[in-house]
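Peer 1: Fold the following, please.
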Amino acid sequence: MKSDATQVPPMTQDLDRIPLNEVRDLLHIGHKLPFRVLDAQARLLLNEGHVLLNEAQFDSLVERGAWAERSQVEAERVARAAGRTPPAAPPPSLFDRWDRLLWDFDKLSRAPPRSAALGHAVTAFFAQLQALVERDADVALFLALRHDDQRFALYPLTHAMHCALVAVLTARQLGWPAPRIASVGCAALTMNWSMFDLQATMAEQDTPPTARQLKLIRAHPEAAVELLRAGGVTDDEWLTAVAQHHEHPGGTGYPHALTDVSEAAQVLRAADVYMAKVSARATRPAMAPQQASRELFQQRTGDAVAMALIRAVGVHPPGSLVQLRSGEVAVAIHRPATGTQPIVATLSDSAGHPCAQTYRRDTA
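Peer 2: Next up, the predicted model:
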């Protein structure tokens, strides 16, 4: 008989969990978390040291059934009793604004599924996302490619936002007018609206999809369209892009094996595939952006959408690691105005030793 000695009984697991609303006195807006926060399925939501941005974020965490580990909470209470005060966080950065937007999207995604105001809410949210992209697209790309915390519970949200980013940059590269860019951006945010929970599960699932999961996957484009129509969305380009974002022009896609696929759906599919490749799962690491671009080019040689995406994000997009001729390892931080050689920040010296200080390099 197989021993259960290594398994923690459910009752013990419950006793080790302290709901987040019971430790509110230890948490302060604008300060770093003194312990990590997990969701009801014990998936990481926020790491220790992450800044608590606002009350809305705290409320979203509570709604997700967030909790902290008893040992960490008790240790923090002992430290507070000894007179330790939590260190204040630095002023909010552009990175913090993106994180705040993520939690706003979390709240939006958990609104009533058939809310009549859904379309307006998504459109308003996209306007905020687009404003951050316009402020600094390189920061947005950096965040999309550098995943320091593998927060699989939030993968559906981050994937949707990053696909919207890539779709917007691709559409701009194609010369689309603002209304079409907004349509494809909103479509990227909502293409998987009907299967966010399934996406979170599968991001850390170490077994092949079940028959039930495959059925939900194949049905999700039309299910999402149904939810969007019920939510007041009437934009044909938005709805068509969502309905067709898994169709292939050659007729090998799903759910209807179409041969005539809208351009917006092709942009959506390219962004979806690219971001899926460069994002880690529990069972595989993230693919290097250079390899993801190479595969996209090889699979869609001569395709205008694929070429526009590669030009838009760059061969070495911000967040990607590169090795310089000097032997230094660096991370790309800015796309070049022309050409393919990025601006980078060094991470190691020529011998491969970590740098105490980073140096900016123009690799052109």
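Peer 1: Stretch 180-193: which residues count as buried?
Peer 2: Judged by neighbour count using 16 or more other CB atoms under 10 Å, the buried positions of stretch 180-193 are 180-193. For the C-beta atoms, the positions are set from N, CA and C on the backbone; glycine is no exception.
Peer 1: how far does it sit from the chain's center?
Peer 2: What separates the centre of stretch 180-193 from the centre of its chain is 15 Å, taken as CA atoms, centre = their mean, to the nearest Å.
Peer 1: can you list the residues that contact it?
Peer 2: With contact meaning CB atoms under 8 Å, 6 or more residues apart in numbering, stretch 180-193 is reached by 105, 109, 122-123, 125-127, 129-130, 156, 159-161, 163-164, 166-168, 171-172, 176, 199, 220-221, 224, 227-228, 233, 235, 237-239, 241-242, 245, 264, 267-268, 271-272.
Peer 1: Selecting buried members of the residues you listed in ChimeraX, what would you type?
Peer 2: A single ChimeraX command is used to select the members of those judged buried by 16+ other CB under 10 Å:
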select :105,109,122,123,125,126,129,130,156,159,160,161,163,164,166,167,168,171,176,199,220,221,224,227,228,233,235,237,238,239,241,242,245,264,267,268,271,272
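Peer 1: among the contacts of stretch 180-193, which are in helices?
Peer 2: Judged by DSSP state H, the contacts of stretch 180-193 include 105, 109, 122-123, 125-127, 129-130, 156, 159-161, 163-164, 166-168, 171-172, 199, 220-221, 224, 227-228, 237-239, 241-242, 264, 267-268, 271-272 as members of helices.
Peer 1: was I right about Leu20 contacting Val62?
Peer 2: Yes. The pair Leu20 / Val62 is scored as a contact, 5.5 Å apart, by CB atoms under 8 Å.
Peer 1: Comparing these two, which residue is more hemmed in?
Peer 2: Taking neighbours as other CB atoms under 10 Å, Leu20 and Val62 compare with Leu20 leading, 22 against 14.
Peer 1: Which pLDDT value belongs to that one?
Peer 2: On the pLDDT scale, Leu20 is placed at 96.
Peer 1: Pull the contacting residues for it.
Peer 2: If a contact means CB under 8 Å, 6+ apart, then Leu20 has 27, 37, 58, 61-62, 66-68 as its contacts.
Peer 1: partners of the lengthiest strand in the chain in the sheet?
Peer 2: Ranked by number of residues, the top strand in the chain under DSSP state E is strand 329-334. Strand 329-334 sits in its sheet next to strand 321-323 (antiparallel), strand 343-346 (antiparallel), going by DSSP bridges.
Peer 1: Tell me where this structure has helices.
Peer 2: For the chain, applying DSSP H gives helices covering 10-15, 55-63, 70-81, 94-109, 118-135, 137-145, 155-173, 178-190, 196-203, 211-230, 236-244, 263-277, 289-299, 304-313.
Peer 1: Let's have the ones you listed in CSV, adding distance to Gly352.
Peer 2: Shown next, in CSV, are the helices of the chain (distance: least, CB to CB, whole Å):
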stretch, distance to Gly352
helix 10-15, 42
helix 55-63, 39
helix 70-81, 35
helix 94-109, 28
helix 118-135, 35
helix 137-145, 22
helix 155-173, 30
helix 178-190, 38
helix 196-203, 32
helix 211-230, 42
helix 236-244, 45
helix 263-277, 27
helix 289-299, 20
helix 304-313, 27
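Peer 1: what's around the closest residue in space to Glu226 that isn't next to it in sequence, how many residues?
Peer 2: Leaving aside its sequence neighbours, Glu226 sits nearest to Ser194 (CB to CB, 6 or more residues apart in numbering; 7.8 Å). Look at Ser194: counted by other CB under 10 Å, it has 21 neighbours.
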